[in-house]
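>>> the sequence isn't on hand, but the structure is:
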């Protein structure tokens, strides 16, 4: 994990400039399957100009909070804080607990471990929650990115209790839980746990920058104080409130993406073992992964590879029939 | 300054819910003169849907950086980091220097001192830069909010040198420097100085959330690492790049707002001494300030009062002739 110490070394999906640099001869437009973002986004509501002009007000923020509490089924006792994306929350989390001994359940999203390291914590990546040892902070993504692994609620409640007794914290990043609500800890959020939610992935609006933390009010109040007033942009407050209030859209999108992910599995099956994922992305394992990455890149299809496991590739969902058809063609036996 | 220790106690302009609660009988619509935000905003460019959907990319960010460097006349040697508003930068600044002894040149914007206090620093508010004593960090707003005080560039360069020698930092918040470019430290930014710029005020788009820090690359790289990837929303990257590239608009807006501020001074003169301000707000001093705040509030005009100096009121600029006329009528001798 040494490479994670420097920012530049962390790979992410979603930046086509990287794909273009790797494959300058590829045909345009690129099909970007390198992220786990819903390719069919929530339809943007009308945005009054005043949302851009005014400082975001308490009324707008209250409307977003109310919609988030309903959509995420947050207990009334839990605190809630909204932020311009979960990334900044990840950076601020280390300030919630004293000097930390951190276990990150890996492999997972690459930004958690370095944020704790920057704050001076000792960080280990573990493969199994049985290995937490003396850690007072445990971080996991649930369902996990990239493999979709889900840790059961009861196990999380026990773990939060253990860490609370150590004066620590269980961080559960539910960036991909919108379409798997049964996996969410939000209806519970026991003492010692803090849950992160990401708006942009399920709603296909990652450029908006909106995320949440939910947990004990001592944690969420501290995060709110660090973020200061007006943390979330006016348009993001409004779009978030409208979209999170639309349970019907989420339910229909979940069904459509589940069908898409089954269709994707069928295309991927001849190329490797589908080892996991969520309805927004699928992970395959094959010794041919580097060759497949190249083959797809040369025809303008960008998928996600992994620094620490060259045998894996993650595929996001194509967003229209043209993209499906180009992917199907690229994956046809040579 | 004890009241600043708690978030709730800091007053800000711009939240009409507060005005409505104070004056529930006031006629609608309210005229909000409680902020220093340009009431005539930069015309929003067309925003492609992809800006909302994609994670903000390196190309969009590079375009914003290039526009900011030209608009703010930033030296090529200086580092630059963009953030979702300067507020979050203010919160992160204490992590750039070891245990700090901070002097804030006051009275000024209320969020600087508490951010340093939250990080464990010792904070004093000083009236004059001669009083910095053993401080290793000095924070000032230039031109100052609310009184428009400007510290000369040469004085700032000397001060940055003194603090650099102490391993410290001079923070110059230039939130209101867009229409007073001659006051800006950006063409220099000496060692030991970090300059903050706020996009939303001059361009009248405070809901967008966009701010910058400029200084030594060791500072800006550290801030960038803390903010993580995708700190600024896609639409904000694009609007910022377009607006900061439009020098003609800024120049015309500066002239128009200067004329507006002279017009405002004329209206205010019978009610108090205009003790300062910028072209976006004027500060008056009068023992009648609390009575004037009430009188304006009752007719639906919200201005900015100050917790620690009840003899002052700050007036932002009306945004249209209807607002000017209601203000003129409200300020007519009774």
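Happy to help now that I have it. Because the structure is predicted, anything quoted here is derived from the model rather than measured.

>>> residues in the stretch 151-300 of chain A within reach of chain B, list them.
Contact residues, the stretch 151-300 of chain A versus chain B (CB under 8 Å from any CB of the partner chain): A:200, A:204-209, A:224-236, A:239. (Each C-beta comes from the backbone N, C-alpha and C, glycine too.)

>>> 6 Å instead?
Within the stretch 151-300 of chain A, the residues that sit near chain B (CB under 6 Å from any CB of the partner chain) are A:204, A:205, A:206, A:207, A:208, A:209, A:225, A:226, A:228, A:233, A:234.

>>> what number of residues lie near the first one?
Counted with other CB atoms under 10 Å in any protein chain shown, the burial measure for residue A:204 works out to 24 neighbours.

>>> specify the local secondary structure of the nearest residue to it once chain neighbours are set aside.
Spatial nearest neighbour of residue A:204, excluding adjacent residues (CB to CB, 6 or more residues apart in numbering or on different chains): residue A:41 at 3.0 Å. Taken by DSSP: H, G, I helix; E, B strand; the rest coil, the conformation at residue A:41 corresponds to coil.

>>> show me chain A divided up by domain.
Taking automatic domain parsing as the reference, chain A has its domains at A:16-41+A:248-330, A:50-245.

>>> returning to that earlier point: test my guess that the residue nearest to residue A:204 contacts residue A:206.
No - between residue A:41 and residue A:206 no contact is recorded; they are 9.0 Å apart, counting by CB atoms under 6 Å.

>>> more crowded one of those two?
residue A:206 (26 against 23).

>>> I'd say that one and residue B:55 touch.
Yes - contact status for residue A:206 versus residue B:55: in contact at 4.6 Å, counting by CB under 6 Å.

>>> quickly list what's touching both of the two.
Common contacts of residue A:206 and residue B:55 (CB atoms under 6 Å, 6 or more residues apart in numbering or on different chains): none found.

>>> gap between residue A:179 and residue A:142?
Distance of residue A:179 to residue A:142, computed by CB to CB, to the nearest Å: 13 Å.

>>> so for those two, which sits in the more crowded spot?
residue A:142 (26 against 21).

>>> enumerate every residue touching the more buried one.
Neighbour list for residue A:142: A:151, A:172, A:174 [criterion: CB under 6 Å, 6+ apart].

>>> tell me the pLDDT at it?
Looking at residue A:142, its pLDDT is 98.

>>> next: residue A:58.
For residue A:58, pLDDT reads 87.

>>> please give the element, helix or strand, for the closest residue in space to it that isn't next to it in sequence.
Once flanking residues are discounted, residue A:58 sits nearest to residue B:17: 4.9 Å by CB to CB, 6+ apart. In this structure, residue B:17 sits in helix B:16-22 according to DSSP states H and E.

>>> list the buried ones in that helix?
Neighbour-count burial for helix B:16-22, counted by 16 or more other CB atoms under 10 Å in any protein chain shown, picks out B:16, B:18, B:19, B:20.

>>> quick one, helices of the stretch 101-250 of chain A?
Applying DSSP state H, counting those that start in this stretch to the stretch 101-250 of chain A gives helices spanning A:112-118, A:153-165, A:217-227, A:234-244, A:247-268.

>>> now residue A:319, what's its secondary structure?
Applying three-state DSSP: residue A:319 is coil.

>>> that one: neighbour count?
Look at residue A:319: counted by other CB under 10 Å, it has 19 neighbours.

>>> verify the stated contact: it with residue A:39.
Yes - Residue A:319 is within contact range of residue A:39, at 3.0 Å (criterion: CB under 6 Å).

>>> any regions of chain A where pLDDT drops low?
Along chain A, the parts satisfying pLDDT under 70 run over A:1-9, A:334.

>>> what do you get if the cut-off is 50, keeping everything else the same?
For chain A, applying pLDDT under 50 flags the ranges A:1-8.

>>> quick one: the strands in it?
A:31-32, A:79-83, A:101-105, A:122-126, A:137-141, A:169-173, A:193-198, A:211-215, A:273-278, A:281-285, A:301-302, A:304-305, A:312-316 (DSSP state E).

>>> which residue is nearest the middle of chain A?
residue A:175 (3.4 Å; CA atoms, centre = their mean).

>>> so how far is residue A:257 from the residue nearest to residue A:178 when sequence neighbours are not counted?
Distances taken as CB to CB, 6+ apart place residue A:202 nearest to residue A:178, at 3.4 Å, with adjacent residues excluded. As defined by CB to CB, residue A:202 lies at a distance of 9 Å from residue A:257.

>>> those two: which is more packed in?
Per other CB under 10 Å, whichever of residue A:202 and residue A:257 has more neighbours is residue A:202, with 29 against 23.
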